[in-house]
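**Student:** coordinates for the following, if possible.
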Amino acid sequence: MLNRTILIGRLTKDPELRYTPTGVAVCQFTLAVDRPFTREGGERETDFIPIVAWRQLAETCANYLRKGRLTAVEGRIQIRNYENNEGRKIYVTEVIADNVRFLESNRNSSNDEPIDISDDDLPFG
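**Tutor:** The predicted structure is shown next:
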């Protein structure tokens with residue numbers, strides 16, 4: 001049996017980092033992934049896929065990912081359920097991340113200046 005998924009998309013908002021009562025880090029974010037086809041009007045449909053990362057990967061995601069950043073996630077699909085306050089069973093489908101790749105540099109307005117490196121600074125030549 002095999003349960004693997006690879007997604008590439010953009011974060012819909014900054015990730016949320018929390019800790020379990022036993023101190024294990026868990027980070028949640030949503031990835032917007034375009035579908036490979038368009039509607040009649042030319043609009044591309046998008047799926048919003050919840051992602052969950054645990055432990056060190058959770059802390060890394062919380063530190064480096066931001067809203068709008070292009071990101072690749074490799075993981076497995078998990079379906080869990082719980083009972084809400086009204087007694088109804090709620091099903092949640094999410095991707096448990098095993099690997100997260102940051103596909104764009106982390107740019108913000110104060111760090112967009114080019115780096116000045118002379119040929120003497122390079123270890124090869």
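**Student:** ok, the helix or strand where Thr46 lies: who's next to it in the sheet?
**Tutor:** Using DSSP states H and E, Thr46 falls within strand 44-54. Looking at strand 44-54 with DSSP bridges, its partner strands are strand 25-38 (antiparallel), strand 89-102 (parallel).
**Student:** which residues sit against the last one?
**Tutor:** This points to strand 89-102. 5, 7, 31, 49-54, 57, 60-61, 64-65, 69, 71-84 (CB atoms under 8 Å, 6 or more residues apart in numbering). No exception for glycine: its C-beta is placed from N, CA and C like everyone else's.
**Student:** from the residues you listed, list the buried ones, please.
**Tutor:** 7, 31, 49, 51-54, 57, 61, 65, 69, 71, 73, 75 (16 or more other CB atoms under 10 Å).
**Student:** hey, C-alpha coordinates of the helix or strand just after the strand holding Thr46 in CSV?
**Tutor:** Helices and strands here follow DSSP H and E; after strand 44-54, the next one along the chain is helix 55-64. Output of helix 55-64 as CSV, limited to C-alpha atoms (Å, rounded to 0.1, in the frame of the first residue of the first chain):
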residue,chain,number,x,y,z
ARG,A,55,8.5,18.5,15.7
GLN,A,56,11.6,20.1,14.1
LEU,A,57,9.9,20.5,10.7
ALA,A,58,7.1,22.4,12.4
GLU,A,59,9.5,24.9,14.0
THR,A,60,11.4,25.3,10.7
CYS,A,61,8.1,26.0,8.8
ALA,A,62,7.0,28.5,11.4
ASN,A,63,10.3,30.3,11.2
TYR,A,64,10.7,30.5,7.4
